[in-house]
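Novice: Got a predicted structure here, sequence first:
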Amino acid sequence: MPLKAIALNCTLKADASEASSTDVMIGLLKTAFAERDVTLTETIRIAAHDVKPGVSSDEGDGDAWPAIRAKILAADILVFGGPVWMGQLGSVAKRVLERMDAHLAGLLKATPYPG
């Protein structure tokens, strides 16, 4: 059974018509995945969506994260790409990591550390 991957492009450029180095990287991965029977089903440019700040799965009216999160959970592989500025992830990527915190916290509750 082929695997499905989804990519989050965390470039700071909201306009998809503007090329980004992250687009290039994801394109290279798409080609490599295809050689291994993995389909990259979608690339979501996060800056083009209204992902609210916060650490929950849904931050209320207008929050685009719940729909994006559902797509992530439906995939087998998550590609997380974005720029590095002065040795740190860009702000869009940091926002995604903050939003993923709610999911990770739920996983930790479901499978407590055995130590």
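Specialist: That came in fine, so what should we check first?
Novice: List the contacts of the closest residue to D23 other than its chain neighbours.
Specialist: Nearest residue to D23, sequence neighbours excluded (Cβ to Cβ, 6 or more residues apart in numbering): N9, at 6.4 Å. Just so you know, the C-beta spots here come from the backbone N, C-alpha and C atoms, and that holds for glycine as well. Contacts for N9 (Cβ atoms under 8 Å, 6 or more residues apart in numbering) come out as 20, 22-23, 26, 43-46, 81-82.
Novice: Now pLDDT, neighbour count and distance to G90 too, for those, in CSV please.
Specialist: Shown next, in CSV, are these (pLDDT from 0 to 100; neighbours: other Cβ atoms under 10 Å; distance: Cβ to Cβ, whole Å):
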residue, pLDDT, neighbour count, distance to G90
S20, 93, 20, 11
T22, 95, 24, 9
D23, 95, 18, 14
I26, 97, 21, 15
T43, 97, 19, 16
I44, 98, 18, 15
R45, 98, 21, 13
I46, 98, 22, 10
G81, 96, 19, 10
G82, 94, 24, 5
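Novice: Just put these in CSV and tack on secondary structure and distance to L104.
Specialist: Below are the contacts of N9 laid out as CSV (DSSP: H, G, I helix; E, B strand; the rest coil; distance: Cβ to Cβ, whole Å):
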residue, secondary structure, distance to L104
S20, coil, 26
T22, helix, 23
D23, helix, 27
I26, helix, 23
T43, strand, 22
I44, strand, 19
R45, strand, 23
I46, helix, 18
G81, strand, 19
G82, coil, 18
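Novice: which intervals of the protein have sub-threshold pLDDT?
Specialist: Applying pLDDT under 70 to the chain flags the ranges 105-115.
Novice: Kind regards, and thank you for your time.
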